[in-house]
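> sequence and predicted structure below; questions after.
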Amino acid sequence: EDKVVQSPLSLVVHEGDTVTLNCSYEVTNFRSLLWYKQEKKAPTFLFMLTSSGIEKKSGRLSSILDKKELFSILNITATQTGDSAVYLCAVQDTGNQFYFGTGTSLTVIP
Amino acid sequence: KAGVTQTPRYLIKTRGQQVTLSCSPISGHRSVSWYQQTPGQGLQFLFEYFSETQRNKGNFPGRFSGRQFSNSRSEMNVSTLELGDSALYLCASSLAPAESYEQYFGPGTRLTVT
């Protein structure tokens, strides 16, 4: 059965800390891996990764995919209270099905 | 540019009833996907529509169905509601499945089944 597992389930850090969120997957016919940020509303898109070893960056956020070991990490440097959210990882297969992890809840304390 | 809109935003139904939810994608977007989000199961894919055709469907019973109109607006229907159908139903649109997987989510419809 295809699945996506995220860790840790929740995380509490202080402003300025750097965090690493993990996403491992077992999905047949992998197409892409996506990261979303969900606050008290609908998820917003962060990154889409399709190739191993190529880091994607957007400001203080970056992500990389390892297709051999079947995982991805999302890094957030110099965290701010506005980074507090649930971060969702999803894998899309070649049949365009999406499989979501249960998310990592990040709380950034001032 | 207006974002994805979903109506209604909140809905309360009783077991056995049916419900229809509506989603209007961002102008120019032709792909609409539906998701169910519950605290226990997280976010789960329901189905995707592109050019009025269902491209694929997640692992949900046949009580869940949908359709897409020529203007790309989509509706999702759930018949014979069960308590477990209480969830936030999210719709997401993208330009086209084969070209762009950046999906933009709507605010969701919160369905409560009593």
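Okay, I see it.
> quick one: the strands in chain B?
Here chain B has its strands, by DSSP state E, at B:5-7, B:10-13, B:19-24, B:31-38, B:42-50, B:53-57, B:64-68, B:74-78, B:87-94, B:104-105, B:109-113.
> for those strands, give me TSV that also has mean pLDDT, mean neighbour count and distance to A:Gly59.
In short, each C-beta sits where N, CA and C put it, glycine included. Listed next are those as TSV, based on pLDDT from 0 to 100; neighbours: other CB atoms under 10 Å in any protein chain shown; distance: least, CB to CB, whole Å:
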stretch	mean pLDDT	mean neighbour count	distance to A:Gly59
strand B:5-7	96	17	28
strand B:10-13	96	13	34
strand B:19-24	98	19	30
strand B:31-38	93	23	26
strand B:42-50	90	22	24
strand B:53-57	88	14	33
strand B:64-68	97	19	35
strand B:74-78	97	21	33
strand B:87-94	94	24	23
strand B:104-105	90	20	19
strand B:109-113	96	18	31
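> can I get the ones you listed in TSV including distance to chain A?
Formatted as TSV, those follow (distance: least, CB to the nearest CB, whole Å):
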stretch	distance to chain A
strand B:5-7	9
strand B:10-13	14
strand B:19-24	11
strand B:31-38	7
strand B:42-50	4
strand B:53-57	5
strand B:64-68	15
strand B:74-78	15
strand B:87-94	6
strand B:104-105	3
strand B:109-113	11
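> so what's residue 60 up against?
If you meant another chain, say so; for now it's chain A. By CB atoms under 8 Å, 6 or more residues apart in numbering or on different chains, the contact set of A:Arg60 is A:76-80, A:83.
> chain B is the one I meant
Counting by CB under 8 Å, 6+ apart, B:Phe60 makes contact with B:36, B:44, B:46-47.
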